[in-house]
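Student: coords below, sequence missing:
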């Protein structure tokens, strides 16, 4: 994989488009949550990578199965049903309220009836959507998704899907040791499972440029003493975990191997210490 596959991505240059993508992803996440049976660790509210964008994966609504796709190649929302119907709407910088209403109305016209909390998407301010910025983001995210899946495929034990969380717009995968945390109610699945989280954020208020992160729950003694690959650091600002800035991949001779080395180094140490 050439370093040219990872172009520079500076949040300040496309933040308004990033925020628009996040709002649209949140609408799809709420719809998926309303109709999908609950899954462990909230996997029923996330989106996953498809060929050209982010998908809800197939959702069953009574006798109809449908799928929703944020398409960053054709720059439109696509809804496809198991009856062969397809509805699409270009991204035109719709406000949160307009995008939500258009999407729910489209589903209704296809015989898919549901309600979500529309007050979450009541903002009527027009948004910005730059197709070039969205396409570049997708080029980057789809490659990271493939590397995360390569990493996930070598892990022993249970893992989550590689999934995008709309609330923080980070792509992540969880690895579970298989052990319960002593003193925590085993029925509290969100807090009872010993785990590590491996993710990619396009940037946020705390770290204003794209970065990779690794956290462990609970944090085992000695993990933050682990020597990290070149360019990675341990941080306690905002969260305690390992941090690798995305920009370091842009200049790497082998960005795929650099990222895999980061993920594997921390996971292997965590697996040894979380006993």
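Tutor: Yes, it's here. The structure displayed is predicted, hence computed values, not measured ones. Residues are numbered from 1 along each chain as shown.
Student: can you pull the contacts of residue 135?
Tutor: For residue 135, the contacting residues are 72-73, 75, by CB atoms under 8 Å, 6 or more residues apart in numbering. C-betas here are computed from N, CA, C, even on glycine.
Student: for the chain, where's the lowest mean pLDDT among helices and strands?
Tutor: For the chain, using mean pLDDT, DSSP states H and E, the weakest element among its helices and strands is helix 189-192, scoring a mean of 80.
Student: and the contacts of that helix?
Tutor: 40-42, 180-181, 184-186.
Student: which ones among these map onto strands?
Tutor: The strands, defined by DSSP state E, take in residue 180 from these.
Student: the nearest residue to residue 160 once chain neighbours are set aside: what secondary structure?
Tutor: The shortest distance from residue 160 to any non-neighbouring residue, by CB to CB, 6 or more residues apart in numbering, is to residue 174 (4.0 Å). Classification of residue 174 by DSSP: H, G, I helix; E, B strand; the rest coil places it in strand.
Student: relative to residue 42, how far out is residue 174?
Tutor: From residue 174 across to residue 42, the span is 10 Å (CB to CB, to the nearest Å).
Student: between the two, which is the more surrounded one?
Tutor: Per other CB atoms under 10 Å, whichever of residue 174 and residue 42 has more neighbours is residue 174, with 21 against 16.
Student: that older thread, wait, the residue nearest to residue 160 touches residue 214, no?
Tutor: No. Here residue 174 does not reach residue 214: they are 11.2 Å apart, not a contact under CB atoms under 8 Å.
Student: flag the shaky bits of the stretch 1-150 of the chain, pLDDT-wise.
Tutor: 1-4 (pLDDT under 70).
Student: ranges for the strands of it?
Tutor: Using DSSP state E, counting those that start in this stretch, the strands found in the stretch 1-150 of the chain span residues 48-49, 53-55, 59-61, 64-71, 76-81, 86-90.
Student: chain center to the least confident helix or strand of the chain, what's the gap?
Tutor: Distance of helix 189-192 from its chain centroid, counting by CA atoms, centre = their mean, to the nearest Å, is 20 Å.
Student: buried by neighbour count: which residues of it qualify?
Tutor: residue 192 (16 or more other CB atoms under 10 Å).
Student: same question, stretch 149-166
Tutor: By neighbour count with 16+ other CB under 10 Å, stretch 149-166 contains the buried residues 151-152, 155, 159-166.
Student: residue 137 is in contact with residue 22, isn't it?
Tutor: No. Using CB under 8 Å as the test, residue 137 is too far from residue 22 to be in contact (11.1 Å).
Student: which one of these two is surrounded by more residues?
Tutor: residue 137 (21 against 15).
Student: contact partners for that one?
Tutor: Contacts for residue 137 were tallied using CB under 8 Å, 6+ apart; they are 9, 14, 17-18, 21, 72, 202.
Student: dump those residues into CSV; add neighbour count and distance to residue 103 as well.
Tutor: As requested, the contacts of residue 137 are arranged in CSV below (neighbours: other CB atoms under 10 Å; distance: CB to CB, whole Å):
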residue, neighbour count, distance to residue 103
9, 22, 27
14, 21, 23
17, 21, 19
18, 21, 20
21, 27, 14
72, 23, 17
202, 22, 23
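Student: would you list those residues in JSON lines and tack on distance to residue 64?
Tutor: JSON lines is the format used below for the contacts of residue 137 (distance: CB to CB, whole Å):
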{"residue": "9", "distance to residue 64": "38"}
{"residue": "14", "distance to residue 64": "36"}
{"residue": "17", "distance to residue 64": "32"}
{"residue": "18", "distance to residue 64": "32"}
{"residue": "21", "distance to residue 64": "27"}
{"residue": "72", "distance to residue 64": "26"}
{"residue": "202", "distance to residue 64": "33"}
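Student: which ones among those residues lie within helices?
Tutor: 14, 17-18, 21 (DSSP state H).
Student: what residue in the chain is the furthest from its centre?
Tutor: Distance from the C-alpha centroid of the chain peaks at residue 183, with 30.3 Å (CA atoms, centre = their mean).
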